[in-house]
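[1] Quick one, fold the following:
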Amino acid sequence: MGSRWTVARVLALAPDAGSARAARGLANPRTWSDLGSTSSLVWGKCQGSARTPYQVTVDLTEPSFRCTCPSRKFPCKHGLALLLMWAAGDGSVAEDAGPADWVTPAAPRREAAKPDPEAQAKRLAERESLMSAGLDDFELWLHDLVRQGLATARRQPPGFWETAAARLVDAQLPGLADRVRAAGADIHARADWAPHLLGELGRWYLAVRAWRRRAELDDAAMGDLRTVLGWARRRDEIGDRVADRWWVVGLSQEEDERLLSQRTWLHGERTGETVVLLDFAAAGQALKVAHVLGSVVDGEVARYPGGPPRRALLAGDEHKVTPGSGLPHATDVRTALGQAARWLAGNPWLRRIPLALAAMTVVPGDPPLLVDPAGAALTLAPGTDVWQLLALSGGHPVPVFGEWIDERLHPLSVQVGDRLVAL
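    A predicted model of the protein is given here:
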């Protein structure tokens, strides 16, 4: 056997965070059979929702993947889960085994990027039909919820929201399912639960209506709709590149028992564009790319379809990284909120909006505020360490970068002198 891969190397192949989480959940030998490996192949059968187990093969030399599941993600969660079990080296995947009759080397990655057009069209039609049926069912659920009233919604047990989310997952709408689950928790955790839920219902209904008119949407609107529904894109579909000097202005990490994820906000010195990078690693492992706050990355990014601020990937292998100096694009509150309004007008499902704010003064209180020289104020999110902000600023106005979520600012970095400090 060749050297085994690390878990981080496997998860780096995941097309999105949902695939990485799903793969870790499937990396359990109890749901697999006929597991084996050689120096160049790993294979196994995974019992999914279909009657017949999915046949999964990974060619380690490319790597390339072959799976009989209907997923259009590349690689799918079954291929990633198989590699995670093999990488664990705990004996669940037999070594130097003789391949079963059904095992064939997976098609090389370059061939996977050029599927048979007829087969591709058939898979796309099946996927869209399944999603359409799921959204029809979801629309009826929304009508029932509104007809009964928001107060009734708050009295519903957790299973009410989880059942609706599970049906959306079955219809290959995992992004919408995540939002339904989150709303089921928010109505018990937020004082403003009623207007918040009403806003969410409106955005969900808008997604249903937009899907039915998807043929009329431009590429950016369709990209935003796919994001909210959870229809991920393969990396080979991301080709809109732009070169610039990209300032690393904010980092945000989230970790659960299985996965570490990081959002890295970049600002283009020449283009003035703000983009976000997403990186993932197994819990307890280091991220493959540890972006340094305050640095400047000189190179290209490949941008996902959608409206601004867009998700992006660093393109190429070599990037020149130099130290930066401060927050290059900070504005007052009025200008920042005006930009946020324009972004929301283009993408009403946008959840996190980057704000770069100049000369903000920390005002402790209930709730705590950031106030600019004109007196315009933003409310800080619950859980913000106000005393850390006060200590770093010394009570003086300072530039702050953060994420605007549900009309609350989650500060990520503050400029102290000529450098950015993480919060």
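
[2] so what does the helix ranked longest in the chain touch, helix or strand wise?
    Longest helix in the chain, counting residues (DSSP state H): helix 117-148. Here helix 117-148 touches helix 158-170, helix 193-212, going by 3 or more C-beta pairs under 8 Å, 6 or more residues apart in numbering; DSSP states H and E. The way it works is simple: take the backbone N, C-alpha and C, and place the C-beta from them, glycine included.

[3] Adding mean pLDDT, distance to residue 103 and mean neighbour count, write those out as TSV.
    Shown next, in TSV, are the helices and strands packed on helix 117-148 (pLDDT from 0 to 100; distance: least, C-beta to C-beta, whole Å; neighbours: other C-beta atoms under 10 Å):
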stretch	mean pLDDT	distance to residue 103	mean neighbour count
helix 158-170	91	29	16
helix 193-212	96	38	16
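
[4] rewinding a little: return the set of buried residues in the longest helix of the chain.
    By 16 or more other C-beta atoms under 10 Å, the buried positions in helix 117-148 come out as 127, 131, 134, 135, 138, 139, 141, 142, 145.

[5] quick check, nearest of these to residue 313?
    residue 127 (23.4 Å; C-beta to C-beta).

[6] and the gap between the closest one and residue 140?
    Distance, residue 127 to residue 140, using C-beta to C-beta, to the nearest Å: 21 Å.

[7] same question, residue 303
    Taken as C-beta to C-beta, the span from residue 303 to residue 140 is 36 Å.

[8] Check residue 273 too.
    Distance of residue 273 to residue 140, given as C-beta to C-beta: 40 Å.

[9] do the same with residue 197
    Counting by C-beta to C-beta - residue 197 and residue 140 are separated by 18 Å.

[10] now the lengthiest strand in the chain, how far from the chain's geometric center?
    When the chain is parsed with DSSP state E, its longest strand is strand 240-255. Taking the mean of its C-alpha atoms, strand 240-255 sits 14 Å from the chain's own mean (C-alpha atoms, centre = their mean, to the nearest Å).

[11] Name the residues of that strand that come out as buried.
    Of the residues in strand 240-255, 242, 244, 245, 246, 247, 248, 249, 250, 251, 252 count as buried by neighbour count, 16+ other C-beta under 10 Å.

[12] between the helix or strand immediately after it in the chain and strand 240-255, how many degrees?
    Using DSSP states H and E, the helix or strand that follows strand 240-255 in sequence is strand 259-268. For strand 259-268 against strand 240-255, the angle by axes from the mean of the first three to the mean of the last three C-alpha atoms, to 10 degrees is 140 degrees.

[13] Give me the mean pLDDT for whatever helix or strand comes next after strand 259-268.
    For strand 259-268, the following helix or strand on the C-terminal side (DSSP H and E) is strand 274-282. Averaging pLDDT along strand 274-282 gives 83.
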